[in-house]
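Participant: dropping a prediction and its sequence here:
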Amino acid sequence: MSDSLGLVLTVLPLIGVGLWAWRRGHPASFWLVVASPLTALSARASWRRVALGCGLTKKRQRWWFTVAPGAVTSTGLVRVRRRFQRVAVDTKPFMWLPRPTRYGWCVTLWTLEGQVPGDYAEAAERLAHSWGVHAVRVSSPRPGRVVLMATRRDPLVKIDEIPASPELLKVAVGRLETGRPWTIDFRAVPHWLNAGATQSGKSNLANALIVGLAPQPVALVGFDLKGGVEFTPYSPRLSALATSRTESVTLLDDLVALMVDRMGLCRQAGARNIWQLPPGIRPVPVVVLVDELAELYLMADKSEKDEIAKTSTALLRVAQLGRAFGIYLFCCGQRIGSDLGPGVTALRAQCSGRICHRVNDPETATMTLGDLDPAALASARTIAAETPGVAIVAGQDGQWYRARSFYVREATAENAARTYAHLAPPWDEITAHLPDYDPSELLDA
């Protein structure tokens, strides 16, 4: 007996040390093999009391078998009466066995009568605290089903650089909170609105985008309303660059004329967009990068009113019609509010891709995300200043996510611009074949 006890006392510490070393050396496999089954069983076993505490149960009337005491006989035996009685019981949503993911686990629930996914979204924070996880996200793949995705730890604390995507107009710029790559795909979502305060990661995201697009056969056009201090270092890869509002008016006129010319090309070929054209005659895609969007709309005096109107109308026209003709927008700004004029609100309606970093005023967050999902807006307002690069992203799948762009130094982006400078088609060659259009007629058409 003593020998067996000694063997157990010797083996158990060795097993504990081995499990500790396994967890430290290869946490991913330890989680999938050891920790995730235990977590799944624990979550499944605790679901009744968690659902009750989070208000996700419902009272139902059921017939219940009860035993009522009767009279006591002289022999000391108790006679009982058996009967059925309607009682109210708590019914919890049915839960499947949780499935492990890279950063946590997910589970499918069958909703009760009268419940909607919003009920679970409101209880997401309570569920996270009940299970002791970082966060719980809610989605609904089909009616009557809700998927809870629990994240054990924040996957955005540290992220690794993601390999470049081989697909045209698709760039991996960071990682989502689900662990999947964060990609900006202009073919799926043509126009993007990127809001963020100084040092929030807005410019870093633009750097990542330039690094990803530089080796691709696309034309990059820049609008840098900071006087060119942001995009001038990348000018070797840019086909055109406007550094003032006056230059922006001329460049936007060229974009509108280019768009009208491509309309005629598609009409003659019987194509609905440039991607239906034969590769031999297909024009080069154009990605327009706008920094400090508010500077296009701010008016110092009435003399700038006509210039602002031209700029606003031309940019809106490109956003409305540019997708089919290979012209895509990525607009950045520290301040995006309705007080800048109706042109900004109309432009926002055309930008289905939304990115909101930490912002200084709530209206900018509302302008960026308020018309999509109130929960996304609330999450954007909680982004801390200590986490630059973290943003709320609404993309092509109709969902919103917390995401973080990987860090791209300015030197890295400048090196990419110089390395792939030979791929930048000159703007004069792109617009050389355009007939002499009257910009005012194009905008009024």
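Facilitator: Received, thanks.
Participant: next one: stretch 156-171 to chain centre, how far?
Facilitator: Counting by Cα atoms, centre = their mean, to the nearest Å, stretch 156-171 is centred 14 Å from the centre of its parent chain.
Participant: sorry, slip of the keys, the one I care about is stretch 102-113.
Facilitator: Counting by Cα atoms, centre = their mean, stretch 102-113 comes out at 21 Å from the chain centroid.
Participant: span of that stretch from start to end?
Facilitator: The first and last residues of stretch 102-113 sit 32 Å apart, counting by Cα to Cα, to the nearest Å.
Participant: show me which positions of that stretch end up buried.
Facilitator: For stretch 102-113, a neighbour-count test (16 or more other Cβ atoms under 10 Å) marks Tyr103, Gly104, Trp105, Cys106, Val107, Leu109, Thr111, Leu112 as buried. (C-beta placed from N, C-alpha, C; glycine too.)
Participant: and the contacts of the host helix or strand of Ala150?
Facilitator: Assessed by DSSP states H and E, Ala150 sits inside strand 145-151. With contact meaning Cβ atoms under 8 Å, 6 or more residues apart in numbering, strand 145-151 is reached by 43, 93, 98, 101, 103-111, 117, 120, 127-128, 131, 133-141, 177-178.
Participant: and the nearest residue to Ile274 once chain neighbours are set aside, how far from Leu434?
Facilitator: Distances taken as Cβ to Cβ, 6 or more residues apart in numbering place Gly326 nearest to Ile274, at 4.6 Å, with adjacent residues excluded. The spacing between Gly326 and Leu434, counted by Cβ to Cβ, to the nearest Å, is 15 Å.
Participant: between these two, tell me which one has more neighbours.
Facilitator: Taking other Cβ atoms under 10 Å, Gly326 and Leu434 do not tie; Gly326 has more neighbours (25 against 12).
Participant: need the pLDDT of the residue nearest to Ile274.
Facilitator: Note for Gly326: predicted pLDDT of 93.
Participant: right, and it touches Leu277 too?
Facilitator: No - taking contacts as Cβ atoms under 8 Å, Gly326 lies outside contact range of Leu277: 9.7 Å.
Participant: shared neighbours of the two, anything?
Facilitator: By the contact definition Cβ under 8 Å, 6+ apart, Gly326 and Leu277 are jointly contacted by Pro283.
Participant: and Leu176, how far from Leu316?
Facilitator: The value you get for Leu176 to Leu316, if Cβ to Cβ is used, is 30 Å.
Participant: just Lys305 next, same as before
Facilitator: Taking Cβ to Cβ, one finds Lys305 at 16 Å from Leu316.
Participant: one more: Gln199?
Facilitator: On the measure of Cβ to Cβ, Gln199 and Leu316 end up 30 Å apart.
Participant: neighbour count for these two, which is higher?
Facilitator: More neighbours surround Leu316 than the other of Gln199 and Leu316, with 18 against 12 (other Cβ under 10 Å).
Participant: and that one, that one's in a helix?
Facilitator: Yes - assessed by DSSP: H, G, I helix; E, B strand; the rest coil, Leu316 belongs to a helix.
Participant: my guess is it contacts Ala349, does it?
Facilitator: No - with contact defined as Cβ under 8 Å, Leu316 does not count as touching Ala349 (9.4 Å).
Participant: quick one, strands of the stretch 201-350 of the chain?
Facilitator: 219-224, 238-242, 286-291, 327-333 (DSSP state E, counting those that start in this stretch).
Participant: mind checking which of those is nearest Glu414?
Facilitator: strand 238-242 (12.0 Å; Cβ to Cβ).
Participant: quickly run through the sheet partners of the closest one, with directions.
Facilitator: Strand pairing for strand 238-242, determined by DSSP bridges: strand 219-224 (parallel).
Participant: quick one: the partner strand to chain centroid distance?
Facilitator: Distance, stretch centre to chain centre, for strand 219-224: 24 Å (Cα atoms, centre = their mean).
Participant: run the chain-centre distance for stretch 340-353.
Facilitator: Centroid separation between stretch 340-353 and its chain, computed with Cα atoms, centre = their mean, is 19 Å.
Participant: and what of stretch 235-244?
Facilitator: Offset of stretch 235-244 from its chain centre (Cα atoms, centre = their mean): 28 Å.
Participant: need the contact partners of it.
Facilitator: Counting by Cβ under 8 Å, 6+ apart, 210, 214, 219-228, 231-232, 248, 250-251, 254, 286, 416-418, 420-421, 423-427, 430 sit against stretch 235-244.
Participant: the residue positioned nearest the centre of the chain: what secondary structure?
Facilitator: Note on the chain: the residue nearest the mean C-alpha position is Val393, at 2.6 Å, using Cα atoms, centre = their mean. Put simply, Val393 is strand when judged by three-state DSSP.
Participant: measure it to His134 for me?
Facilitator: The value you get for Val393 to His134, if Cβ to Cβ is used, is 18 Å.
Participant: for Val287, same thing?
Facilitator: In terms of Cβ to Cβ, Val287 sits 35 Å off from His134.
Participant: between these two, which one's more packed in?
Facilitator: The neighbour comparison of Val287 against His134 (other Cβ under 10 Å) goes to Val287, with 23 against 16.
Participant: residues contacting the more buried one?
Facilitator: Taking Cβ under 8 Å, 6+ apart, one finds Leu169, Phe186, Leu213, Val218, Ala219, Leu220, Val221, Tyr328, Phe330 in contact with Val287.
Participant: how about a cut-off of 10 Å?
Facilitator: Contacts here follow Cβ atoms under 10 Å, 6 or more residues apart in numbering; on that basis Val287 touches 169, 171, 186, 190, 209-210, 213, 216, 218-222, 239, 326-330.
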